[in-house]
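In: Provide a 3D model corresponding to the input given below.
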Amino acid sequence: MSISPWVVVDNIGTLVTNDPEAGEGRLGLIRDAAVVLGDGVVQWVGARAHIPQGSADATVDLDGRAALPGFVDSHAHLVFGGERAEEFAARMAGTAYAAGGIRTTVAATRGATDAELSATAARLVAESVRSGTTTIECKSGYGQSVVDELRSLEVAAEVTPETTLLAAHLTPPEFEGDTDAYVRMVCTEMIPACAPNARWIDVFCETGAFDEHQSRAVLEAGIAAGLTARVHGNQLGPGPGVRLAVELRAASVDHVNFVTGEDVEALASGETVATLLPCADFSTRNRYPDARTLLDAGVTVALASDCNPGTSYTTSIPLCIALAVREMHMSPDEAVWAATAGGAAALRRNDIGHIRVGARADLIALDAPTHLHLAYRPGVPLVHEVWKDGYRR
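Out: All right, here's what the predicted structure looks like:
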């Protein structure tokens, strides 16, 4: 990538920095602000009255609009074939979600060409950028053979460095009735073959998917191969996912709709982020996580889209923010932090999710005077400008 030009983003009405030392509150709000972007990073941030003279070659006047870090979507499934609109319609008519539809997508993904998979991933990333996402994680998991998981990760790597091996998504048809045999294959064949193309190892630790013993085997094999753990856990009911994630020092445990006091205590005392996926709960009519209890206990919370063709076919982090505020009793400030700095924490990144000198020059501007409008005006396309690595997208 070429070195990006230097530009002053000026006349910002309210700037969210996520740096409490820079401004007001946890979001580090600066009123009447400016930011200097250059060489792909933030070069200066502060009140516009103090912009360094001659600090850039060009100026962009935001005319009082709000600005904030680009959204960090730390949970997405972008590599797949087909779609599952009819399954969604059936679910809305009363059919309960039980994860079995994953196999429909596995069949479609195995039958898709590399070009078709790449086109879908690129389309969804472009869509996510338009709604303000500048960093996105991408999982495999719809191939479930060595060849198809490997090519899924290769496609994922075309759109993001945050690639996750989710071979243990569900037991594929050819291993029907023998999940243990599939887990052995994942651990002894798939992980060694795929690990060079992934940063993360993930597992769906859930009744009907993989139990605690099977999940532990997959995660430990991934960790031994140099990957860092992530966990799908406690989505459909209480279970061991949260505590397993904390024990193995996973970066994130995702969904967490059904948690006990012991689960919350473990998260609060550990280093694992609780990533909440409200669009999945919206789409499945599952109960929403108890974000208030998690936050009040001191748990680090992230928000992510869970974009996938079956249970959350959206890339909109603004929609996640609105649902988190309305349905999960988060404040607008908490939801915006979770969708930016929280997502960065879930990816163990300290170069994104905030606006301070040296951070990646990932910035969005809203057609609104403050970040509060993201929850206040749900469904409205408020993103006015997006900068990624210092370039307008």
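In: please pull up the helix or strand immediately following the helix or strand containing residue 326.
Out: For residue 326, the enclosing helix or strand under DSSP states H and E is helix 317-327. On the C-terminal side of helix 317-327, the closest following helix or strand by DSSP H and E is helix 332-337.
In: and that next one, what does it pack against?
Out: helix 317-327, helix 373-376 (3 or more CB pairs under 8 Å, 6 or more residues apart in numbering; DSSP states H and E). Bear in mind the C-beta positions are built from the backbone N, C-alpha and C, glycine included.
In: how about the last one: buried residues?
Out: In this case it means helix 373-376. Within helix 373-376, the residues that qualify as buried are 373-375, counting by 16 or more other CB atoms under 10 Å.
In: thinking again about what came up before, winner for burial among the helices and strands packed on helix 332-337?
Out: Among the helices and strands packed on helix 332-337, helix 317-327 has the highest mean neighbour count (mean count of other CB atoms under 10 Å), at a mean of 23.
In: what's it packed up against?
Out: Against helix 317-327 (3+ CB pairs under 8 Å, 6+ apart) you get helix 278-284, strand 301-303, helix 332-337, helix 373-376.
In: check the offset of the longest one from the chain's centre.
Out: So the one you mean is helix 278-284. Centroid separation for helix 278-284 versus its chain: 14 Å, with CA atoms, centre = their mean, to the nearest Å.
In: so for that helix, mean pLDDT?
Out: For helix 278-284, mean pLDDT rounds to 96.
In: could you say what helices and strands that helix packs with?
Out: Using 3+ CB pairs under 8 Å, 6+ apart, the elements in contact with helix 278-284 are helix 85-92, helix 317-327.
In: only C-alpha atoms, please: export the last one in CSV.
Out: Pointing back at helix 317-327 there. This file holds the C-alpha atoms of helix 317-327, laid out as CSV (Å, rounded to 0.1, in the frame of the first residue of the first chain):
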residue,chain,number,x,y,z
ILE,A,317,-22.8,-2.0,12.9
PRO,A,318,-25.1,1.0,13.3
LEU,A,319,-28.0,-1.4,13.5
CYS,A,320,-26.1,-3.4,16.2
ILE,A,321,-25.7,-0.2,18.1
ALA,A,322,-29.4,0.7,17.9
LEU,A,323,-30.4,-2.7,19.0
ALA,A,324,-27.9,-2.8,21.9
VAL,A,325,-29.3,0.5,23.2
ARG,A,326,-33.0,-0.4,22.7
GLU,A,327,-33.0,-4.1,23.6
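In: other residues contacting that helix?
Out: Under the contact criterion CB atoms under 8 Å, 6 or more residues apart in numbering, helix 317-327 has outside partners 71, 73, 128, 131-133, 276-279, 281-282, 288, 291, 303-305, 330-332, 334-336, 338-339, 374-375, 378-379, 382-383.
In: rerun that using 6 Å as the cut-off
Out: The contact list for helix 317-327, computed with CB atoms under 6 Å, 6 or more residues apart in numbering, reads 71, 73, 131, 133, 278-279, 282, 288, 303, 330, 332, 335, 339, 374-375, 378.
In: ok, residue 28 - contacts?
Out: Shown in contact with residue 28 (CB under 6 Å, 6+ apart): 17-20, 22.
In: the same query, at a cut-off of 7 Å, please.
Out: Residues in contact with residue 28 (CB atoms under 7 Å, 6 or more residues apart in numbering) are 17-22.
In: please report how far it lies from residue 46.
Out: 11 Å (CB to CB, to the nearest Å).
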